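Asks: Please work out how this folds:
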Amino acid sequence: MTPPRLPVAASAAGAGIGSAAGASSEAPEQLHPCVRCGRPVAIHLALCEQCNPLELAQPSATQVHGIAALGIIIFVAILFVLGRFALAGTGPFSGTVDGVAPAEGGLAVTLLVSNAGTKAGATTCRVLADGRPVGGPGELVQTPVIPAHADLRFSAVVTKFGTVPTGLAVDCQSP
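Replies: From the prediction side, this is the model:
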């Protein structure tokens, strides 16, 4: 798509090719489209006469960018408040490994996860090799929704520890 061509102001009305008026050294006025309707306006204006009939002051770039930055800050603050209300009352969660058994492609781990919060919620638990709770291989397991002040026992298959049962530990995150 090609950009629209804007007319350039005529140098002198009725000036012919061989006339003295046609040899003027004055450069044509530069134009750009009106930000609202697209009509040609002078380069130092943002709005045309039809869109700004009272010739009010044009907005500066600092004002426009300030308004955009303020809008972004307000939006982030609103998201923070909504997120806080959505997560309030869930957790803290704690978990223990209740059993480990061989399964096809890995180990079937039975976890017992407790929700001590006032709202039902799900969390992510990291299953780790027992004895190396920090670092080393681990696998994340998403829990089902756990009711408030309740325990939930469920099984998941993990593949990072081979197929021979071994000691495992679990760390469940809280929001």
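Asks: State the helix or strand in which the residue positioned nearest the centre of the chain lies.
Replies: To find the centre residue of the chain, average its C-alpha atoms and take the closest one (Cα atoms, centre = their mean): that gives Val76, at 9.8 Å. When secondary structure is defined by DSSP states H and E, Val76 falls within helix 61-87.
Asks: what mean pLDDT does the helix or strand following that helix have?
Replies: Along the chain past helix 61-87, the next helix or strand (assigned with DSSP H and E) turns out to be strand 93-103. Mean pLDDT, taken over the full extent of strand 93-103, equals 90.
Asks: mind listing what's buried in strand 93-103?
Replies: Taking 16 or more other Cβ atoms under 10 Å as the neighbour-count basis, strand 93-103 is seen to contain the buried residues 93-95, 97, 100, 103. Glycine gets a C-beta too; all of them are placed from N, C-alpha and C.
Asks: what does stretch 42-60 give?
Replies: For stretch 42-60, burial by neighbour count (16+ other Cβ under 10 Å) applies to 45-48, 52.
Asks: What are the contacting residues of it?
Replies: With contact meaning Cβ atoms under 8 Å, 6 or more residues apart in numbering, stretch 42-60 is reached by 29-32, 34-37, 39-41.
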